[in-house]
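Enquirer: A structural model of the following input is requested.
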Amino acid sequence: MKALTLLLAATLTLTLTLTAAEHKDVVFAERADGNLTLDAFVPDTSGPHPAAIIVHGGGWVRGDKQTYVQPLFPVFTDARYAWFSINYRLAPAHRFPDIQPWPKCISQPSPNSATTK
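Expert: Below you'll find the predicted structure:
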């Protein structure tokens with residue numbers, strides 16, 4: 001749950017404070033077994049902006065925030081979306097459900113999300 005909260009906080013912080021640019025390897029969760037990072041793009045126009053959290057493929061056992069998803073970056077960027085491509089822990093080193101950090105952050109958005117610009 002802590003990783004989910006940090007992911008949402010990083011997402012909102014980046015959306016609110018950064019100028020248009022890609023940002024690489026932003027830590028959204030510090031863990032004893034290694035930090036979880038994301039890459040992000042936030043448009044420089046005034047918000048609110050639609051946002052996408054991009055989760056790479058790889059069958060839970062391979063890949064990272066750049067694998068298989070790079071063709072999406074210019075599509076979202078050109079459409080002026082804020083996007084966040086995340087890393088997650090991989091099997092077999094991590095067992096389900098510890099490998100998926102995002103479902104609650106998507107299904108239970110922040111109570112302030114409707115008012116955040």
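Enquirer: not counting sequence-adjacent ones, nearest residue to residue 53?
Expert: residue 84 (5.1 Å; C-beta to C-beta, 6 or more residues apart in numbering). The C-beta positions use only the backbone N, C-alpha and C, and glycine is treated the same way.
Enquirer: where along the chain do the strands fall?
Expert: For the chain, strands defined by DSSP state E occupy the ranges 21-29, 36-42, 51-55, 82-86.
Enquirer: note down every partner strand of the last one and its orientation.
Expert: Taking DSSP bridges as the criterion, strand 82-86 sits next to strand 36-42 (antiparallel), strand 51-55 (parallel) in its sheet.
Enquirer: what angle do it and strand 21-29 make?
Expert: Relative orientation of strand 82-86 and strand 21-29, computed by axes from the mean of the first three to the mean of the last three C-alpha atoms, to 10 degrees: 50 degrees.
Enquirer: just the buried residues of strand 82-86, please?
Expert: For strand 82-86, burial by neighbour count (16 or more other C-beta atoms under 10 Å) applies to 82, 83, 84, 85, 86.
Enquirer: what average pLDDT does it get?
Expert: Strand 82-86 shows a mean pLDDT of 93.
Enquirer: before we move on, what about the longest one?
Expert: For strand 21-29, the per-residue pLDDT values average out at 86.
Enquirer: got the buried residues for it?
Expert: 26, 28, 29.
Enquirer: so what secondary structure elements neighbour it?
Expert: helix 2-17, strand 36-42 (3 or more C-beta pairs under 8 Å, 6 or more residues apart in numbering; DSSP states H and E).
Enquirer: ok, of those, where does mean pLDDT dip lowest?
Expert: helix 2-17 (a mean of 50).
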